[in-house]
Every structure is written in C-alpha cells, then in structure tokens.
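> Output the structure for:
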Amino acid sequence: MLQCGSRLNKKLVQSVCSSKSEGGETSYAPARPEIVYCEACYNAEVA
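Prediction:
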C-alpha cells in the first residue's frame, strides 16, 4: 500500500538515453526493463 507522499521521496539514479547515449537522471531502478529516453528523444518518439 502506498503511503501519502511516497512519490515525492523517489531516489534519482543516473541513466543513459536509449536513443542518444546521453546521461541523465531517472527514478527507474537500473534493473527495470523500461526504455529510458531523454526529454528530446521522448518528444520525438511520441510526436
């Protein structure tokens, strides 16, 4: 069960954009399978 405010306490970890190989920060754990994009690549992908 989520506690009130639990989304605000996420730890940011270093990550790499799956498209440009540039670094950034995300709240996704490194072991998760999701594709991580920087903001510019994400916007290009969903446009």
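
> drop to CA atoms for contacts and neighbour counts, all remaining ones
Noted.

> In contact with the nearest residue to residue 23 once chain neighbours are set aside, which residues?
Counting by Cα to Cα, 6 or more residues apart in numbering, residue 23 lies nearest to residue 16, which is 4.4 Å off, once chain neighbours are set aside. If you count contacts by Cα atoms under 8 Å, 6 or more residues apart in numbering, residue 16 has them with 22-24, 36-37.

> and what of residue 28?
Residue 28 sits next to 12-13 when contact means Cα under 8 Å, 6+ apart.

> circling back to that earlier point, can you redo the contacts of residue 16 as JSON lines with pLDDT?
Formatted as JSON lines, the entries for the contacts of residue 16 read as follows, by pLDDT from 0 to 100:
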{"residue": "22", "pLDDT": "79"}
{"residue": "23", "pLDDT": "81"}
{"residue": "24", "pLDDT": "80"}
{"residue": "36", "pLDDT": "85"}
{"residue": "37", "pLDDT": "86"}
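
> Now intersect those with the strands, please.
For the contacts of residue 16, membership in strands holds for 23-24, with DSSP state E as the criterion.

> What subset of the contacts of residue 16 is buried?
When burial is judged by neighbour count using 16 or more other Cα atoms under 10 Å, the buried members of those are 36-37.

> Would you mind checking which of the contacts of residue 16 is nearest to residue 46?
The nearest member of those to residue 46, counting by Cα to Cα, is residue 37 at 11.1 Å.

> That closest one against residue 22, yeah?
No: with contacts defined as Cα atoms under 8 Å, residue 37 does not count as touching residue 22, sitting 9.1 Å away.

> hmm, back to that, backbone dihedrals for the residue nearest to residue 23, please?
phi -130, psi 130 (degrees, to the nearest 10).

> and if you look at residue 35?
Main-chain torsions, residue 35, degrees, to the nearest 10: phi -80, psi 130.
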